[in-house]
Structure formats: C-alpha cells, structure tokens
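Visitor: what follows is a predicted protein model with its sequence.
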Amino acid sequence: MTGGVKAGGAGSAASANSDSRGLIDIHQVTKSYFSGGVETRVLFGIDLLVPHGDFLAVMGQSGSGKSTLMNILGCLDQASGGTYKLNGVDTLSLSRNELATIRNRTIGFVFQSFNLIKRMSVAENVALPLIYAGVSRDKAYKKALVELEKVGLQDYAKRMPNQLSGGQQQRVAIARALVGDPPLILADEPTGNLDTQTSVEIMRSLQQLNAERGITILLVTHEPDIAAYSKRLVRLKDGHVLYDGPAAEGLRQLALSHEAAAAQPAS
Ligand SMILES: Nc1ncnc2c1ncn2[C@@H]1O[C@H](COP(=O)(O)OP(=O)(O)OP(=O)(O)O)[C@@H](O)[C@H]1O
Ligand SMILES: [Mg+2]
C-alpha cells in the first residue's frame with residue numbers, strides 16, 4: 001500500500017489494488033473515428049493522472065471530446081493510441097471479458113438520463129448490477145436497500161421509477177452505481193436533465209460520497225456552478241487539455257475568458 005489516499009478520501013473501497021500512480025493513469029491517449037474511409041481525430045494525446053479520492057470535473061465546448069474521453073475511461077470504448085492503467089491494471093492488454101470484469105468491479109456509472117429500467121421497482125433497479133455479478137437475489141435486494149438508505153430513499157424501494165422526481169431518480173441511479181462498492185464513479189452530465197435546486201442536491205450527495213467514503217468522482221458538466229463542487233477541473237478544447245488544476249482557479253480563468261470574449265467588438 002502506498003498511502004496515496006488523499007485527505008478526506010479514507011474509504012476502504014478506494015484502496016483495493018492501488019499503486020502509486022493512482023486510480024486512473026492515462027498517457028498520450030488518442031482517439032479517431034473512421035467512417036466511409038475518413039478519419040476524424042477527436043482526442044490528441046491526453047495525459048491524466050487521477051489519484052484515489054479525487055473529485056474532478058471535465059468541462060469543454062460541445063464536441064471537444066468529453067464523452068469520448070469518459071467512454072475510454074469507463075472501458076466502454078478503446079483508445080486508438082496511448083496507454084490506460086485502471087487501478088494499476090494495463091487495460092490495453094485485457095480481453096473483452098477481463099475488461100468487463102474490471103469495469104464491473106471498479107466503476108459505477110451515472111448518466112444524464114438516469115437509465116433506470118421502467119418495469120422494475122427502485123430496489124430491483126439498484127440490485128441489478130449485483131445480480132449480473134452472480135449475487136443471489138435475496139442478498140442483492142438487501143444490499144440495494146442499504147444503498148438506498150444512504151441516499152435517503154429507503155421509503156421508495158417498492159415504487160416504480162416513473163413515480164419519482166428527476167432528482168430522486170438520479171439518486172436511485174447513484175445508489176445503483178455504488179451497490180457493488182466500486183472505488184470510482186464516472187458521471188457524464190449527471191445534472192443535465194435536472195433543475196438548479198435538484199442539481200445542487202445531487203452535487204451535495206456526490207460531494208458527501210467523496211468526502212465520507214473516499215469515492216473517486218469524475219463528472220462531465222457544462223455548468224461552472226456544478227464544476228465548483230469539485231476539487232479539480234480539467235478543461236478540454238478540440239481534443240486537447242487546456243487546463244488541469246484546482247477547480248477554483250480553473251473556473252476563475254474560464255470566467256475571465258468569457259468576459260474577454262464578451263468585450264470583443266462585434267466585427
Ligand atoms: N461514434 C462516433 N463516430 C464518429 N464521430 C464521433 C463519434 N462519437 C463522437 N464523435 C465525434 O467526436 C467529437 C467529440 O464528441 P464527444 O461526444 O466526445 O463530445 P462532447 O465533448 O461530449 O460534446 P457534448 O458536450 O455535446 O456532449 C465530435 O466531433 C463528434 O461528432
Ligand atoms: Mg458529451
């Protein structure tokens with residue numbers, strides 16, 4: 001063990017199989033898409049080192065490559081070049097099955113549109129990743145109730161997803177992401193479909209998970225007010241890292257660049 005867990009990030013889930021290079025370690029990652037024989041280059045040599053316990057927001061204009069990067073980090077897609085170590089494991093050397101195993105063990109996903117299964121109750125939705133992982137229904141359901149309690153929704157276990165508000169549905173999705181005790185949450189615009197007040201509640205929940213359980217969180221957002229809940233900010237521009245550092249400083253620079261753009265005389 002390296003003692004690399006940051007202050008406030010003392011969660012036991014985060015320490016499994018860690019090495020000194022952090023939970024996520026990507027080096028010179030590139031991504032191109034090919035269609036009709038034409039190459040579209042989307043990521044141009046991204047370096048990113050995320051230690052256990054970090055809370056990182058990724059920002060950038062539409063099309064800058066945020067989701068592409070998140071899909072690679074989530075082992076949902078593979079980089080065209082570069083290296084990616086997840087929790088000390090070189091992902092490029094893994095078979096499809098091995099990749100699925102490390103993904104299930106290491107990462108909980110939260111999506112903009114919640115992605116709950118409509119025909120299943122709240123608790124069944126939360127239990128599902130455990131059932132896929134071979135846990136018995138009984139045990140999975142019990143663990144789902146524990147996880148629902150942590151997000152304050154224990155009384156909603158038997159409801160159907162469409163009987164919940166958007167914020168409640170997103171908290172169910174967070175409980176589902178955490179039911180297998182992964183050290184990492186990846187969230188692509190988790191507040192994108194929520195009003196401001198509900199977005200604040202979701203961000204506070206994520207902040208709490210980070211501070212109290214040491215869960216490492218990477219989220220994509222377009223909103224500076226949402227990114228302000230994170231410790232660290234990465235800004236992408238056209239597939240390059242424009243900024244990587246403390247969130248407060250990055251957001252200050254972003255606000256200044258917006259002001260400068262607004263002050264440009266119209267031509
Ligand atoms: N499967 C694909 N095939 C071809 N091009 C793609 C594919 N997925 C994404 N792209 C292109 O890659 C670029 C980056 O897309 P990406 O979805 O990563 O952007 P983003 O930063 O997440 O944008 P947004 O803020 O709109 O969600 C875009 O130009 C997009 O058109
Ligand atoms: Mg996107």
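Guide: Ah, there it is. Ligands and ions are numbered 1, 2, ... in the order given.
Visitor: which bits of the stretch 1-150 of the chain sit near ligand 1?
Guide: Applying Cβ under 6 Å from any ligand atom, we find that the stretch 1-150 of the chain lies next to ligand 1 at Tyr33, Ser35, Thr40, Val42, Gly60, Ser62, Gly63, Ser64, Gly65, Lys66, Ser67, Thr68. Where you see a C-beta, it was placed from the backbone N, CA and C, and this is true even at glycine.
Visitor: tabulate those (JSON lines), appending distance to Asp77, pLDDT and neighbour count.
Guide: Output for those, formatted as JSON lines (distance: Cβ to Cβ, whole Å; pLDDT from 0 to 100; neighbours: other Cβ atoms under 10 Å):
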{"residue": "Tyr33", "distance to Asp77": "10", "pLDDT": "95", "neighbour count": "12"}
{"residue": "Ser35", "distance to Asp77": "15", "pLDDT": "92", "neighbour count": "7"}
{"residue": "Thr40", "distance to Asp77": "14", "pLDDT": "95", "neighbour count": "9"}
{"residue": "Val42", "distance to Asp77": "11", "pLDDT": "97", "neighbour count": "18"}
{"residue": "Gly60", "distance to Asp77": "18", "pLDDT": "97", "neighbour count": "21"}
{"residue": "Ser62", "distance to Asp77": "19", "pLDDT": "96", "neighbour count": "7"}
{"residue": "Gly63", "distance to Asp77": "16", "pLDDT": "96", "neighbour count": "12"}
{"residue": "Ser64", "distance to Asp77": "16", "pLDDT": "97", "neighbour count": "20"}
{"residue": "Gly65", "distance to Asp77": "12", "pLDDT": "97", "neighbour count": "23"}
{"residue": "Lys66", "distance to Asp77": "13", "pLDDT": "97", "neighbour count": "22"}
{"residue": "Ser67", "distance to Asp77": "10", "pLDDT": "96", "neighbour count": "19"}
{"residue": "Thr68", "distance to Asp77": "7", "pLDDT": "97", "neighbour count": "20"}
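Visitor: partners of the helix or strand encompassing Phe109, with directions?
Guide: Assigned by DSSP states H and E, Phe109 falls within strand 107-111. When pairs are called by DSSP bridges, strand 107-111 turns out to pair with strand 184-188 (parallel).
Visitor: which parts of the strand it pairs with are buried?
Guide: Within strand 184-188, the residues scored as buried using 16 or more other Cβ atoms under 10 Å are Leu184, Ile185, Leu186, Ala187, Asp188.
Visitor: taking the residues of the stretch 1-150 of the chain next to ligand 1, tell me the two that lie furthest apart.
Guide: Ser35 and Gly60 (22.5 Å; Cβ to Cβ).
Visitor: just the buried residues of strand 184-188 now: which is nearest ligand 1?
Guide: Asp188 (7.4 Å; Cβ to the nearest ligand atom).
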